[in-house]
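Novice: sequence first, then the predicted structure:
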Amino acid sequence: QMQLVESGGGLVQAGGSLRLSCQASGRAFSMAAMGWFRQAPGKEREFVAAISGSGGSTQYIDSVKGRFTISRDNALHTVYLQMYSLKPEDTAVYYCAARRFVNISPMSGDYPYWGQGTRVTVSS
């Protein structure tokens, strides 16, 4: 089992930045690829970014490339999503998720462990 707790969401103006954090507890954190997903009002949950267990591999959805950076600190059992140049269309609840394997995946079904989400609102 793994428990995930996100933090760092909030209200920011367009062009601003936020850093989301996800604190993990439970099973071996460094063995788990981690992902960030988001769900905007009225839309389905979508993949945002993922990072492998070692941190050596990352993947991003095209709309956030060059603006968002995913990273992890295995000693602290924490994964981060640094978000720059935020746009109103980034408004969503952001979820942290963990796999049972080290390899990344953009598929939500490959992540059995989920946090409760943190809300990000970007005003225009």
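Specialist: Now that the structure is in, tell me what you want to look at.

Novice: ok, residues contacting stretch 33-49?
Specialist: Stretch 33-49 is contacted from outside by 20, 22, 24, 50-53, 58-61, 64, 68, 70, 72, 79, 81, 89-99, 101-108, 111, 117, 120, using C-beta atoms under 8 Å, 6 or more residues apart in numbering. Bear in mind the C-beta positions are built from the backbone N, C-alpha and C, glycine included.

Novice: can you show me the helices along this structure?
Specialist: When assigned using DSSP state H, the chain turns out to have no helices.

Novice: and the longest strand seen in it, which strands flank it?
Specialist: Counting by DSSP state E, the longest strand found in the chain is strand 18-26. Strand pairing for strand 18-26, determined by DSSP bridges: strand 2-7 (antiparallel), strand 78-83 (antiparallel).

Novice: got the buried residues for the first one?
Specialist: In other words, strand 2-7. Within strand 2-7, the residues that count as buried by 16 or more other C-beta atoms under 10 Å are 2, 4, 6.

Novice: from the chain's centroid, how far away is it?
Specialist: For strand 2-7, the separation from the chain centroid amounts to 11 Å (computed by C-alpha atoms, centre = their mean, to the nearest Å).

Novice: give me the contacts around that strand.
Specialist: Contacts for strand 2-7 (C-beta under 8 Å, 6+ apart): 20-27, 29, 32, 94-98, 113-118.

Novice: is there a quick PyMOL command that grabs whichever of those residues are buried?
Specialist: Typed into PyMOL, the line below selects the buried ones among the contacts of strand 2-7, using 16+ other C-beta under 10 Å:
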select buried, resi 20+21+22+23+24+29+32+94+95+96+97+98+113+114+115+117+118
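
Novice: just to revisit the earlier point, any of the contacts of stretch 33-49 buried? List them.
Specialist: The buried subset of the contacts of stretch 33-49 - by 16+ other C-beta under 10 Å - is 20, 22, 24, 50-53, 59-61, 64, 68, 70, 72, 79, 81, 90-99, 104-105, 111, 117, 120.

Novice: which residue is nearest the centroid of this protein?
Specialist: residue 36 (2.3 Å; C-alpha atoms, centre = their mean).
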